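**Q** quick one: sequence and predicted model below, then my questions.
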Amino acid sequence: MSTNKVRTTLALAVILLLVAATAGVVWSLARDAEPKDPELTAYAHGTAVTVPPFRYCTVRMEDCRQGETVYLEVPAGNPLQISLPDALVDSPWELLPLYARENGEIVEQPSSYRDHPANTRALTLDSRPEPGLELIGVELQVMIIAIDEAGNQFPVPHAVWSIKTA
């Protein structure tokens, strides 16, 4: 066997060994990584932000984690767009936009997954749906049904994302 063939064979063996080692490390890290909570993406007036959960619990309302409200400036006349991750598209979510009137009165204009087409992946909110009404914030909640001691059923958010816009 010529020297060039031996070198080529050794080089290929080293490359294959490095590829296998890298794949093993990546697999090990991915296997041990904790699942990440779903995040929203919010966009307004040329700026996009990632919105981690404000509060996130398992569907059994265990292992709850608290986060923070994310701020995104939404100038009057510009819409707020919210992209839903795949994990939320088919979930029973509720959208709770809060608006303020010039006199300080707070107005809610809630909607839910029932008010939108199936598989909705993006939501658009008007920052000024009418004169004198300004969007100040929004929450997106994913609901579960809870049952109290008397057997009454009621919705409870197990996950909440919060965006302050003013």
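**A** Cool, the structure landed. Residues are numbered from 1 along each chain as shown.

**Q** how about the strands in this protein?
**A** Taking DSSP state E to define them, one finds strands in the chain at 40-44, 47-51, 55-56, 65-66, 70-71, 80-83, 93-101, 106-108, 111-112, 122-125, 133-147, 153-164.

**Q** name the residues that touch the fifth one?
**A** For strand 70-71, the surrounding residues in contact (CB atoms under 8 Å, 6 or more residues apart in numbering) are 42, 49, 50, 51, 52, 162, 163, 164, 165. The C-beta positions use only the backbone N, C-alpha and C, and glycine is treated the same way.

**Q** quick check: the second one touching residue 72?
**A** Yes. Taking CB atoms under 8 Å as the definition, residue 49 is a contact partner of residue 72 at 5.1 Å.

**Q** what subset of the contacts of strand 70-71 is buried?
**A** Buried members of the contacts of strand 70-71, scored by 16 or more other CB atoms under 10 Å, are 42, 51, 52, 162, 163, 165.

**Q** in TSV: these, plus distance to residue 91 and pLDDT.
**A** Formatted as TSV, the buried ones among the contacts of strand 70-71 follow (distance: CB to CB, whole Å; pLDDT from 0 to 100):
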residue	distance to residue 91	pLDDT
42	18	98
51	15	98
52	17	97
162	17	98
163	18	98
165	23	96
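
**Q** shared neighbours of residue 49 and residue 72, anything?
**A** With contacts taken as CB under 8 Å, 6+ apart, the residues that reach both residue 49 and residue 72 are 42, 163.

**Q** still on that earlier bit, got the contacts of strand 70-71 as TSV, with distance to residue 154 columns?
**A** Shown next, in TSV, are those (distance: CB to CB, whole Å):
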residue	distance to residue 154
42	29
49	32
50	31
51	26
52	27
162	21
163	25
164	27
165	29
